[in-house]
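Undergrad: fold the following for me, if possible:
(one chain, ligands or ions: 1)
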Amino acid sequence: MRLWGGRFGKDPEELAQEFTRSLPFDGRLAEHDIAGSIAHVRMLGHCGVLRTDEARQLETGLERVRAALAAGEIEFDPASEDVHTEIERLLAKEVGPLAGKLHTARSRNDQVALDMRLFLREEIDGICEGVAALQETLVSQAEKHLETAMPGYTHMQHAQPVSLAHHLMAYFWMFQRDRERLLEGRKRVNLCPLGAVALGGTSFPIDPSFVAEQLGFDGLCPNSMDAVSDRDFLLEFLGTASLAMVHLSQLCGEIVLWSSAEFRFLRLDDAWCTGSSIMPQKRNPDAAELTRGKAGRVFGRLMGLLATLKALPLTYNKDLQEDKEAVFDVVDTLGLCLSVCREMLRTATFAAERMSSALSEGFPTATEVADYLVRKGMPFRQAHAVTGQIVQYCEKQGGGFEELTLEEWRSFSPEFDEDIVKIISPAGAMRAKMSPGGTAPARVKEQIEQARKLLAPAAPP
Ligand code: ARG
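TA: This next block holds a predicted model:
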């Protein structure tokens, strides 16, 4: 069965059919295609374009196809060109030639735009749940480590002591923005293109608002030509997904680093490690590496679709069919990576002692020493220089700040007193950072409270 053919003298070449056919991948849209068709026939009945009994019969037929599909009783005919053709063929098996009336005042151009919008809307909701679940895991791990001090890094060099909770919560906020971006983009997905028909609308007295309401859309696409050409809602999703993959790859990159022998900040559960075929001792963080790697695949899908859409003339062009595999792949990849990261993180153990012993190197409290002098009235620039000299001195001696005697401190500045000992304690330095958004446990606790509110089921992100 073909939805066209009247004007042709012969069948298309087998290779041409195979090349243009989308059923192998767009079959995934079947459920949405049926939902769209049911709303469409109801509208045609409501507007008097079809007789009420015809509309009802078509709807019942579509419902039967939907049920059979859900029950797994249907095998698609591989000869069908696309999902739209296939659903119409299955409908014809239920209701006979009446199925031919389904496509009144509709084109596959507005139909496929509708299907993709229905599909993506649902997937965005699922992905948002996946992001929220990962955020929940980050918060739960953070709650256990409010007091766990570790080196915070800049340039991968010890910078200042921070809490592990603070470090983990940094990721919470990245994923919060991802969730916000997804829902922001969802507004532009949730507009109904049906009624645009091929490109210019129709002379039938249709009511697109009726369809939009049935399908839970927030409104209509205002221009029929834009409605069938627009795929920027897909690009926007791929862009948002790419950003989420940037964040996942950063998290996973740190998991890989932290599980190395050099760091040993984190131990993945055995269930999330893989071994080597030759080196019996190996515990490789494969899932973290693979998530990091899959970021490239998602960016590639974004670049691919950008290139496909660039300079396309209005309106529908077959090029647009390339949107499907890109979006399906990204939906699947991102969803999987979110679940994997969540489980990997939930079952991981952080080595608090190892983290705090790492703080004995690299002078992570040097800023605190400089600030100490500033509190005594020294300009910060001078305090910075003095502290730098102390660091240089310690390095020559081969020790840390803890090894200095009061006399040694005072040889750099008479402002130093006994209380300098407290200042150079990494855990103390972490606790003292009480500025808003800072790493002091009291502040991180506030972040966590805010985060918990954002994760509460009723709360908007
Ligand atoms: N498989 C097509 C796609 O994904 C459906 C739309 C076909 N429309 C057309 N005018 N050939 O874009």
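
Undergrad: elements contacting the biggest helix by length in the chain?
TA: Determined from DSSP state H, the single longest helix within the chain is helix 108-144. The contact analysis (3 or more CB pairs under 8 Å, 6 or more residues apart in numbering; DSSP states H and E) places helix 108-144 against helix 30-46, helix 83-95, helix 164-189, strand 191-192, helix 224-229, helix 232-258, helix 323-346, helix 441-455. Any C-beta I mention is one placed from the backbone N, CA and C, and that applies to glycine too.

Undergrad: got the angle for it vs helix 232-258?
TA: Between helix 108-144 and helix 232-258, the angle comes out at 30 degrees (axes from the mean of the first three to the mean of the last three CA atoms, to 10 degrees).

Undergrad: just checking, next helix/strand downstream of helix 108-144?
TA: Remark: after helix 108-144, the chain's next helix or strand is strand 149-154, criterion DSSP states H and E.

Undergrad: show me which residues of stretch 414-425 are buried.
TA: For stretch 414-425, the neighbour count (16 or more other CB atoms under 10 Å) marks Glu415, Phe416, Ile420, Ile423, Ile424, Ser425 as buried.

Undergrad: show the contacting residues for the nearest residue to Glu94 once chain neighbours are set aside.
TA: Spatially, and ignoring its direct neighbours in sequence, Glu94 is nearest to Gly61 (3.8 Å; CB to CB, 6 or more residues apart in numbering). Taking CB atoms under 8 Å, 6 or more residues apart in numbering, we find Gly61 in contact with Leu91, Glu94, Val95, Leu98, Ala99.

Undergrad: 6 Å - rerun?
TA: Neighbour list for Gly61: Leu91, Glu94, Val95 [criterion: CB atoms under 6 Å, 6 or more residues apart in numbering].

Undergrad: report how many residues lie close to the first one.
TA: Put plainly, it is Leu91. Residues lying near Leu91 (other CB atoms under 10 Å) number 22.

Undergrad: list the contacts of it.
TA: Gly61, Val65, Ala99.

Undergrad: mind listing which of the residues you listed are in helices?
TA: Going by DSSP H, the helices hold Gly61, Val65 from the contacts of Leu91.

Undergrad: same list, the contacts of Leu91, but as JSON lines with distance to Met156 and pLDDT please.
TA: Formatted as JSON lines, the contacts of Leu91 follow (distance: CB to CB, whole Å; pLDDT from 0 to 100):
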{"residue": "Gly61", "distance to Met156": "64", "pLDDT": "98"}
{"residue": "Val65", "distance to Met156": "58", "pLDDT": "98"}
{"residue": "Ala99", "distance to Met156": "64", "pLDDT": "98"}
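
Undergrad: which single one of the contacts of Leu91 is nearest to Leu334?
TA: For those, the residue nearest Leu334 by CB to CB is Val65; the value is 30.3 Å.

Undergrad: so that closest one touches Leu90, yeah?
TA: Yes. Counting by CB atoms under 6 Å, Leu90 is a contact partner of Val65 at 4.7 Å.

Undergrad: the two: who's more crowded?
TA: Using other CB under 10 Å as the criterion, Val65 and Leu90 rank with Val65 on top: 26 against 23.

Undergrad: let me know whether Met43 touches Val211 as I believe.
TA: Yes. Between Met43 and Val211 there is a contact under CB under 6 Å: 4.9 Å.

Undergrad: of all the buried residues of stretch 414-425, which comes closest to the ligand?
TA: For the buried residues of stretch 414-425, the minimum distance to the ligand (CB to the nearest ligand atom) is 63.4 Å, reached by Ser425.

Undergrad: which residues sit in contact with the closest residue to the closest one other than its chain neighbours?
TA: Spatial nearest neighbour of Ser425, excluding adjacent residues (CB to CB, 6+ apart): Thr365 at 7.4 Å. If you count contacts by CB under 6 Å, 6+ apart, Thr365 has them with Ile424, Pro426, Ala429.
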